[in-house]
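Trainee: curious how this folds, go ahead:
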Amino acid sequence: MNIKIKEIFQTDYISRQAGEKLRFMILKAIQEKKKIVLDFKDLIVASTSFFDEGIAKLVDEKVSIDEFDNFIEIINLNKNDKKVLDKVTDYRGFNLTLKQAHPWRLCPIGEHWVKEHPRSSSRGVSTVVDGHCRKNPKGKDVITAEELVEIANKHFQQIKKLPSTKSLKFEDGNKYDAVIGGWCEYWNNILKPKIDLDPDLIKALIASESGFQAVPKGPKGHKAIGIMQLMPETVKYLGRNGRELKDHFVELDTKDAENPTINIAAGVRWLFRKYELLEYKLKRTPTWEEVLYDYKGFTGSKTELAKKSKLILDGFLKELKQ
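Mentor: Modelled structure (predicted):
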């Protein structure tokens, strides 16, 4: 349910009374386990009283950050209002800015992981700086190549939903099953599609792209990288400076993308972006199979190469589901 603050509260969206009304709406949603979106579009509140009474005081109602995160989403919040909200919730100990992007993450939202690295002082003394979280200037969700590897190493041996164990007749056909299942679970949890991405689809896509080779052979001048054949431009698009994503960035370079664990993480993230673009283009929810076709670049194409590629991909998908 989308609650438009400007419409619901009309002329009073700054007082403690209005904030109390908002708090009761949030409490009711959490108690009834209903998800609501608080939409601050076309509105500048800048009221400590409203945010303190409406959200920060949820701590007094014994509402946890996880409960808030599970059922309440805040969108279109003015930059200055976000600062006010952060200030009052931090004061009350209801730290919305410290919500974890995902239980596997090393850092909270608004920070990213910096791996251990050497540092030299002005006196020429070398020290080692331990791995740590560093704040992002815009408070966005940024995951780095180093953190992708850390997550996979720590959590992917316990993944329950894995792709089919069929190797599709490739020597390394089952080598990356845990990585595929892990990143599908991660991005499904983060991006919450209407229909979850099935790991079998990624396995079939990898089979058609690289045959599970970390460094696949390609024609001279071919620039695609790694097991999911990411283009260098795509690697840039996934980062904070790529001007393609609004949030949930994957920060890596082309060298990082050669690592299969990182490549699959980035490839699956890019597939979700293709999903968004195709949904906008088709004016309806696309199937994940359609998104795979779009990823491979033959949506709407009637060339013989496109037809052949589609048959190969469909064949892999069919075999995995048998």
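Trainee: for residue 253, which non-adjacent residue is spatially closest?
Mentor: Nearest residue to residue 253 in three dimensions, chain neighbours excluded: residue 235, at 6.8 Å (Cβ to Cβ, 6 or more residues apart in numbering). Heads up, the C-betas are built off the backbone N, CA and C, glycines and all.
Trainee: next one: residue 138
Mentor: Using Cβ to Cβ, 6+ apart, the closest residue to residue 138 is residue 240 (7.8 Å).
Trainee: now do the contacts for that neighbour.
Mentor: Applying Cβ atoms under 8 Å, 6 or more residues apart in numbering, we find residue 240 in contact with 136, 138, 140, 142, 249, 251.
Trainee: if you set the cut-off to 7 Å instead, what comes out?
Mentor: 140, 142, 249, 251 (Cβ atoms under 7 Å, 6 or more residues apart in numbering).
Trainee: and residue 286, by the same measure?
Mentor: Counted by Cβ under 7 Å, 6+ apart, residue 286 has contacts 275, 278-279.
Trainee: which of the residues you listed lies closest to residue 127?
Mentor: Residue 127 lies nearest to residue 275 out of those, by Cβ to Cβ, at 44.8 Å.
Trainee: need the residues that contact whichever strand or helix holds the closest one.
Mentor: Under the criterion of DSSP states H and E, residue 275 resides in helix 260-282. The contact list for helix 260-282 (Cβ under 7 Å, 6+ apart) reads 145, 148-149, 152, 176, 179-180, 183-184, 187, 191, 193, 202, 214, 225-228, 230, 234-235, 238, 244-245, 250, 252, 256-257, 285-286, 290-291, 294-295.
Trainee: which of the residues you listed fall in helices?
Mentor: Among the contacts of helix 260-282, the subset assigned to helices under DSSP state H consists of 145, 148-149, 152, 179-180, 183-184, 187, 191, 202, 234-235, 290-291, 294-295.
Trainee: returning to that earlier point: what's the most distant pair in the contacts of residue 240?
Mentor: The farthest-apart pair in the contacts of residue 240, when distances are taken by Cβ to Cβ, is 140 and 251, at 10.5 Å.
Trainee: looking at these two, which one has more neighbours?
Mentor: residue 251 (22 against 17; other Cβ atoms under 10 Å).
Trainee: any figure for the gap between the more buried one and residue 303?
Mentor: Separation of residue 251 from residue 303 (Cβ to Cβ, to the nearest Å) stands at 35 Å.
Trainee: show me what contacts the closest residue in space to residue 96 that isn't next to it in sequence?
Mentor: Sequence neighbours aside, residue 89 is the residue nearest to residue 96 in space, at 5.0 Å (criterion: Cβ to Cβ, 6+ apart). Residue 89 makes contacts with 55-56, 95-96, as judged by Cβ under 7 Å, 6+ apart.
Trainee: by neighbours, which of those residues wins?
Mentor: residue 55 (24 neighbours).
Trainee: and the pLDDT for it?
Mentor: What the model reports for residue 55 is a pLDDT of 93.
Trainee: need the contact partners of stretch 134-151.
Mentor: Under Cβ under 7 Å, 6+ apart, the answer for stretch 134-151 is 101, 104, 106, 109-115, 240, 247-252, 256, 261-262, 265.
Trainee: in it, what's buried?
Mentor: Neighbour-count burial for stretch 134-151 flags 136, 140-151 (criterion: 16 or more other Cβ atoms under 10 Å).
Trainee: what about residue 143, which SS state?
Mentor: strand (DSSP: H, G, I helix; E, B strand; the rest coil).
Trainee: without its sequence neighbours, what residue ends up closest to residue 117?
Mentor: residue 129 is the one closest to residue 117 (Cβ to Cβ, 6+ apart), at 5.6 Å.
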